[in-house]
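Asks: have a look; sequence and predicted model below, questions after that.
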Amino acid sequence: MNIAELDTPALLIDLDIMDRNLGKMADYARAHGLRLRPHTKTHKIPALAERQLALGAAGLTVAKVGEAEVMTKIDPPELLVAYPVIGKQKLDRLMTIAANTRVTVALDSLTAATELSAAAQASGRTIGVLVEIDAGLGRVGVQAGPDLLALVQRVASLPGLFFEGVAFYPGHIKVLNEAADVALAAVGTLLDGVVRNLEAAGFPVKIVSGGSTPTLYLSHQVARLNEIRPGTYIFNDRNTVLCGATTYNDCAASILATVVSTAVKGQMIIDGGSKTFSSDRPMGLEEVSFGRLLDAPEAVFGKMNEEHGFVDIRKVSKLFQVGDRVRVLPNHVCVAMNLHEQVYGYRGETVEHVWRVEGRGKLQ
Ligand SMILES: Cc1ncc(COP(=O)(O)O)c(C=O)c1O
């Protein structure tokens, strides 16, 4: 099948770029002795997770138990649920997964640890635990110091659990600049203190897991960090470019859309709105826009209804007509992937793969 034969809107993946992104990451992790446990939240496709494992990933990361269930299909050596698993329904499902797959959970509360321990004990499983620390994002994670030590002590003493180390997510470092260098150095100092204190208290810290796409290739500079969990790197998106982490040439995913109306002067409507693109804004830009038109970067995709994308073309020299097709680079590819039932992997003009996004909509 050829790209020209696809109906729209359609999420396309340039396989050459994706392969390059995957290879570069695998080489980097190998060169620096970093364990790679890619977050599958970006692609949500078991076949792509399989490629990540084939390139040397030690295991996979997911956010939801439902995503973990989808990934068991390819029998990964280990799964990290990098999100607290709270409530009996999820824990029961997690224990079913743990019957055949090594499972680790990142958590930051005694409640989460106690519930996990009870579920593990009841089902005869052993679950690894990474205690989540707040490295500056202020989202989840205990503070380094007495709170962390107290939680690690409890985790280490609870039946059915084993303490593997700590996890953090440096999502507060969004744009790569001098301030980011300082912030990343502070994360290293924090981690070094955490590891020293926990080990002095008798708790060996085997894994220090972090690493998101913006700061990814600086991971080797962060003291104590020995595992990275990047997600977006497989495709990249407009925001990874805007934050300075990559270039447009490294963006593998784009959305093919059709111009369905030019009735309003200076504007065209494309056949994708909020059901097709994420509502994330472009990082660091004043402009409100929901993607970059690859064929007309001066166009401003400034408004969305469910099925209508409003594109301001007043500054565009190119003429667009109803029926024309455009490619749009999404601001946040992970959320865009979640909106599409299937995506198309292509090389040149040929569609080589039609992948079902099996992990989409897995909210639980
Ligand atoms: C806990 C956690 N780990 C890893 C990642 C991957 O980050 P990125 O997509 O920036 O590589 C995310 C992304 O949201 C996350 O929430």
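Replies: In hand now; what should we look at?

Asks: check contacts around His32.
Replies: Contact analysis of His32 by CB atoms under 8 Å, 6 or more residues apart in numbering lists 219-220. Where you see a C-beta, it was placed from the backbone N, CA and C, and this is true even at glycine.

Asks: same check on Asn338?
Replies: Contacts of Asn338 (CB under 8 Å, 6+ apart): 44, 357, 360-361.

Asks: and for Val351?
Replies: By CB under 8 Å, 6+ apart, the neighbours of Val351 are 1-3, 5-6, 344-345.

Asks: do Ser254 as well
Replies: Contacts of Ser254 by CB under 8 Å, 6+ apart are 11-12, 14, 294, 327-330.

Asks: cool, Glu50 as well?
Replies: Ile74.

Asks: what separates it from Lys73, distance-wise?
Replies: Distance from Glu50 to Lys73, counting by CB to CB, to the nearest Å: 9 Å.

Asks: got it, and Arg37?
Replies: For Arg37 relative to Lys73 (CB to CB), the value is 18 Å.

Asks: and the two? which has more neighbours close in?
Replies: Legend: neighbour count by other CB atoms under 10 Å for Arg37 and Lys73, higher for Arg37 (26 against 12).

Asks: show me what the helix ranked longest in the chain is packed against.
Replies: Using DSSP state H, we find that the single longest helix of the chain is helix 178-200. Secondary-structure packing of helix 178-200 (3 or more CB pairs under 8 Å, 6 or more residues apart in numbering; DSSP states H and E): helix 146-157, strand 161-167, strand 207-210.

Asks: mind listing what's buried in the second one?
Replies: Same thing as strand 161-167. Across strand 161-167, burial judged by 16 or more other CB atoms under 10 Å covers 161, 163-167.

Asks: ok, which stretches of the stretch 201-350 of the chain are helices?
Replies: Using DSSP state H, counting those that start in this stretch, the helices found in the stretch 201-350 of the chain span residues 238-242, 333-339.

Asks: would you turn those helices into a markdown table with distance to Glu307 and mean pLDDT?
Replies: Output for these, formatted as a markdown table (distance: least, CB to CB, whole Å; pLDDT from 0 to 100):
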| stretch | distance to Glu307 | mean pLDDT |
| --- | --- | --- |
| helix 238-242 | 21 | 96 |
| helix 333-339 | 12 | 98 |
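
Asks: mind checking these for the one nearest to Ala120?
Replies: Closest of those to Ala120 is helix 333-339, at 29.7 Å (criterion: CB to CB).

Asks: about what we covered before: name only those of the contacts of Asn338 that count as buried.
Replies: 44, 357, 360.

Asks: can you tell me how far Gly272 sits from the ligand?
Replies: Here Gly272 is placed at a distance of 22 Å from the ligand (CB to the nearest ligand atom, to the nearest Å).

Asks: rewinding a little: which among the buried residues of strand 161-167 gets closest to Ile207?
Replies: Taking the buried residues of strand 161-167 together and measuring to Ile207 by CB to CB, the closest member is Gly165, at 3.3 Å.

Asks: quick check, pLDDT for the closest one.
Replies: pLDDT, Gly165: 98.

Asks: what separation do you get for it and the ligand?
Replies: Distance of Gly165 to the ligand, computed by CB to the nearest ligand atom: 14 Å.

Asks: kindly tell me how buried the closest residue to that residue other than its chain neighbours is, as a neighbour count.
Replies: Ranked by CB to CB, 6 or more residues apart in numbering and with sequence neighbours excluded, the top spatial neighbour of Gly165 is Ile207, at 3.3 Å. The tally of other residues near Ile207 (other CB under 10 Å) stands at 19.
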